[in-house]
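**Student:** just the structure for this:
(chains A and B)
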Amino acid sequence: MNKGKAYITTLSLMTALGLFFSIKPVATVSAAEEAFPVNVYFFSAPGCGHCAAEKSYLDEQTALRDNLTVVEYGIDEPDHLTMLGDIAAIFSEETVATPFTVIGGKHYVGFNAAVELSLTRAIERYSANAHVDIMAKYLADEPILATDFDTTSDFEYDLPLIGIVDVRDVSLGIVAVILGFIDGINPCAMWVLLFLISLVLGSKDKKRIWLIGGLFLLTSGVFYFLIMMAWLKTIELLIAQTVFQIIIGALALLAGAYNIYSFVKARVKKEDGCEVTNVTQKQNIAAKVRQIANAGSLPVALIGVMGLAVIVNAVELACSTGLPLVFTQILAVNGIVGAASIFYVLLYILFFMLDDLLIFGIAVFTLKVSPLASKLGRYAHLIGGILMLAIGILMIFFPEILLFSFL
Amino acid sequence: MRQIVLITAVWCPSCLIMRPRYQDYVKRHPGWQFTEIDFDESPNIVKQYGVGKTLPAAIVVSEGKELARVVGEQSVKELEKNLDGYE
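**Tutor:** Here you go, the predicted structure:
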């Protein structure tokens, strides 16, 4: 690609970024000279940890906004408990639990990152617009109409060129598939697999090729899975800290920018090959690969290949564009824990390994190394870079968009 | 006689891809020779050719003089286009 094309590519990317910044929530808060009064009714229970968290959040909001009034009802008082039951029935809410929050024509059960974001948006929207206060009508014994309920989605966004999209319709599974696949075509650890395949292909022994290559891939997958689960556990502990989320977002921005720069640089210089960096490390790994491929005993070779897979993936972890860290952050923001988190990480890993499995499969059946790896890797920097930039921006400025639905 | 001196490394996937392409080109063009130098095993020769930061590097040589240099991965068509000019 010549300089002209490189500039066009860069300009296109900047335009895409500009479009991102033009994303706005559908229920946009227009600047009002004077904010409408907003009441938040909050049912809590003694010893309720989430209630304490929400109270802390509401105290912050009250300090920021003169128009906001928070009314707390402790359900340890019988009258308030009855009120809670009535209000839940009005909203046709089967789950009667604390904290239970009513604002305008909306209600929320529980308190987490998603509820916090929704409440903030609701407060902003009602501050700027006239609205019905269902709780006030209930307290005044006025009839509540069907039109009093606010059916506005907190998750609708007006995307440029696309229109209104409810991000809850975006499946978290699809995110796992896309990010996993993009992470997988990153060429960082690919060279070891290709080198290993090229060495064992020489033996023409399909059984040996299957075992050695297959075990390398399996060990790589297990290692990556363990790393991502460890990250997820760590992030879950830190999820309440917005600062950590912003740090991850900033890292994603940096990684994204660097990857796009690498892609454009390779195109401009027309030098699409292997960078001569970390040569000693690569030479050491290559020597280990030769030892394994030439090992007379198959069990010895298999043990060696497992160790190799762990070493290589550990070494190349930093080279990966940060996508696994970002994905685990997205899982944490969505409150995905337990079996669900294992499922999504496994889905990510499956598509992460897909290109390796394909290349390995082709090698076994054709006894040749396919140029597919190199072709995919060429665009990994660009696609991964754009994704990382987009996710970094969302994580910092529009974290609510990262709240997805389940499969 | 034209010679392609191809500098490669075992840890470079692009080298793995390009090796057979250069070998194939030389097979189809009489009057061309192919020599491969390992980046790790022949540092002096690599230094002599002043290889930069990207591999593979193919140096087209004739009577001891460098005519051209092709760096990185090229498609078969691009390679033909780059090398045909030096026949």
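
**Student:** could you list the low-confidence segments of the chain?
**Tutor:** As the question left the chain open, I've gone with chain A. Low-confidence segments of chain A (pLDDT under 70): A:1-33, A:154-170, A:186-190, A:201-204, A:236-243, A:269-271, A:318-321, A:367-378, A:380, A:400-407.

**Student:** looking at chain B here, not the other one
**Tutor:** B:87.

**Student:** quick one, strands of it?
**Tutor:** In chain B, the segments counted as strands under DSSP state E are B:2-8, B:32-38, B:54-55, B:57-62, B:65-71.

**Student:** partner strands of the shortest one and their direction?
**Tutor:** Spelled out, that is strand B:54-55. Sheet pairing of strand B:54-55 (DSSP bridges) gives strand A:274-275 (antiparallel).

**Student:** pull out the buried residues from whichever helix or strand comes after the strand it pairs with.
**Tutor:** Once strand A:274-275 ends, the next helix or strand along the chain (criterion: DSSP states H and E) is helix A:279-294. By neighbour count on 16 or more other C-beta atoms under 10 Å in any protein chain shown, the buried set for helix A:279-294 is A:Lys282, A:Ile285, A:Ala286, A:Lys288, A:Val289, A:Ile292, A:Ala293. Glycine gets a C-beta too; all of them are placed from N, C-alpha and C.

**Student:** let me know whether helix A:279-294 sits next to chain B.
**Tutor:** Yes: using C-beta under 8 Å from any C-beta of the partner chain, helix A:279-294 comes into contact with chain B via A:Val279, A:Lys282, A:Gln283, A:Ile285, A:Ala286, A:Val289.

**Student:** who touches that helix?
**Tutor:** A:191-192, A:195-196, A:199-200, A:202-203, A:212, A:301, A:304-305, A:308, A:311-312, A:315, B:9-11, B:39-40 (C-beta atoms under 8 Å, 6 or more residues apart in numbering or on different chains).

**Student:** buried residues, the biggest helix by length in chain B. List them.
**Tutor:** The residue-count maximum for a helix in chain B (DSSP state H) belongs to helix B:13-28. Buried residues in helix B:13-28, defined by neighbour count with 16+ other C-beta under 10 Å: B:Pro13, B:Ser14, B:Cys15, B:Leu16, B:Ile17, B:Met18, B:Arg19, B:Arg21, B:Tyr22, B:Tyr25, B:Val26.

**Student:** now, which of those residues lie close to chain A?
**Tutor:** Residues of the buried residues of helix B:13-28 in contact with chain A (C-beta under 8 Å from any C-beta): B:Pro13, B:Ser14, B:Cys15, B:Leu16, B:Ile17.

**Student:** the fourth one touches A:Ser198, doesn't it?
**Tutor:** Going back to what we said before, that points to B:Leu16. Yes: with contact taken as C-beta atoms under 8 Å, B:Leu16 and A:Ser198 are classed as touching, separated by 6.1 Å.

**Student:** tell me the contacts of the residue nearest the centre of chain B?
**Tutor:** Closest residue to the average C-alpha location of chain B: B:Ala58 at 2.3 Å, with C-alpha atoms, centre = their mean. B:Ala58 makes contacts with B:Ile4, B:Val5, B:Leu6, B:Ile7, B:Met18, B:Tyr22, B:Arg69, B:Val70, B:Val71, as judged by C-beta under 8 Å, 6+ apart.

**Student:** ok, now how distant is the fourth one from A:Ile90?
**Tutor:** When you say that, I think you mean B:Ile7. Applying C-beta to C-beta, to the nearest Å, the value for B:Ile7 to A:Ile90 is 77 Å.

**Student:** for the second one, same thing?
**Tutor:** Computed with C-beta to C-beta, the distance linking B:Val5 and A:Ile90 is 82 Å.

**Student:** how about the fifth one?
**Tutor:** Between B:Met18 and A:Ile90 the distance is 71 Å, computed by C-beta to C-beta.

**Student:** near chain A, which residues of chain B show up?
**Tutor:** Going by C-beta under 8 Å from any C-beta, the residues of chain B near chain A are B:9-17, B:39-40, B:51-56, B:71-73.

**Student:** now the buried members of those.
**Tutor:** B:9-17, B:39-40, B:51, B:54-56, B:71-73.

**Student:** pull the distance from stretch B:67-86 to the chain's centre.
**Tutor:** In this view, stretch B:67-86 has its centroid 9 Å away from the chain centroid, taken as C-alpha atoms, centre = their mean, to the nearest Å.

**Student:** oops, could you answer that again for stretch A:182-201 instead?
**Tutor:** Distance, centroid of stretch A:182-201 to centroid of chain: 26 Å (C-alpha atoms, centre = their mean).

**Student:** what's the answer for stretch A:277-287, then?
**Tutor:** On C-alpha atoms, centre = their mean, the centre of stretch A:277-287 falls 33 Å from that of its chain.

**Student:** A:Leu211 against A:Leu302, yeah?
**Tutor:** Yes: using C-beta under 8 Å, A:Leu211 is in contact with A:Leu302, at 6.3 Å.

**Student:** quick one: the strands in chain A?
**Tutor:** Using DSSP E, the strands of chain A run over A:24-25, A:38-44, A:68-74, A:100-103, A:106-109, A:156-159, A:163-166, A:274-275.

**Student:** run a quick check on A:Val96 versus A:Asp86, I expect a contact.
**Tutor:** No: counting by C-beta under 8 Å, A:Val96 does not reach A:Asp86; the two are 10.3 Å apart.

**Student:** show me what stretch A:85-92 is in contact with.
**Tutor:** A:41, A:43, A:94-96, A:100, A:102, A:107, A:134-135, A:138, A:144, A:149.
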